[in-house]
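S.K.: output the structure for:
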Amino acid sequence: MEFCKRAIDVCDLFALCGISEGTLEELNYALRKNKPVKLFLEKFDPEWKKYYEKLKERFGEPLKKLKK
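M.R.: Just a heads-up that it's a prediction; the model follows:
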């Protein structure tokens, strides 16, 4: 996960292509670093809603933070 966070630090944009514990941790990190976020969930992870429902409380509903 440390490697992923370092990659986010040097990137101009965070692209989210699927939902997992790791990607939600990365998303929260990108949001804390004020990185722009682009979502590709529908295209690459057709079951993303199911996993997000299972994990969202644990990670503070980061997708809701994008709508602000």
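S.K.: contacts only, for the residue nearest the centre of the chain.
M.R.: Using Cα atoms, centre = their mean, the residue of the chain that lies closest to the mean C-alpha position is Leu27, 3.0 Å off. Leu27 is in contact with Phe14, Leu16, Val37, Phe59, Pro62, Leu63, counting by Cβ atoms under 8 Å, 6 or more residues apart in numbering. Quick note: C-beta positions are derived from backbone N, CA and C, even for glycine.
S.K.: ok, now which ones touch the closest residue to Glu26 other than its chain neighbours?
M.R.: Excluding the flanking residues, the one nearest Glu26 by Cβ to Cβ, 6 or more residues apart in numbering is Cys4, at 5.4 Å. By Cβ under 8 Å, 6+ apart, the contact list for Cys4 reads Gly22, Glu26, Tyr29.
S.K.: tell me which element Cys4 falls in.
M.R.: Secondary structure assigned from DSSP states H and E places Cys4 in helix 2-10.
S.K.: what of Lys54?
M.R.: Assessed by DSSP H and E, Lys54 sits inside helix 48-59.
S.K.: of all the residues in the next helix or strand after that helix, which ones are buried?
M.R.: Toward the C-terminus, helix 48-59 is succeeded by helix 62-66 as the next helix or strand (DSSP H and E). Neighbour counts over helix 62-66 (16 or more other Cβ atoms under 10 Å) mark Pro62, Leu63 as buried.
S.K.: before we move on, what about stretch 38-55?
M.R.: Per 16+ other Cβ under 10 Å, stretch 38-55 contains these buried residues: Leu41, Asp45, Trp48, Tyr51, Tyr52, Leu55.
S.K.: repeat for stretch 25-38
M.R.: By neighbour count with 16+ other Cβ under 10 Å, stretch 25-38 contains the buried residues Glu25, Glu26, Leu27, Tyr29, Ala30.
S.K.: the fourth one - nearest residue in space that isn't next to it in sequence?
M.R.: Closest residue in space to Tyr29, ignoring its immediate chain neighbours: Lys5 at 5.3 Å, by Cβ to Cβ, 6+ apart.
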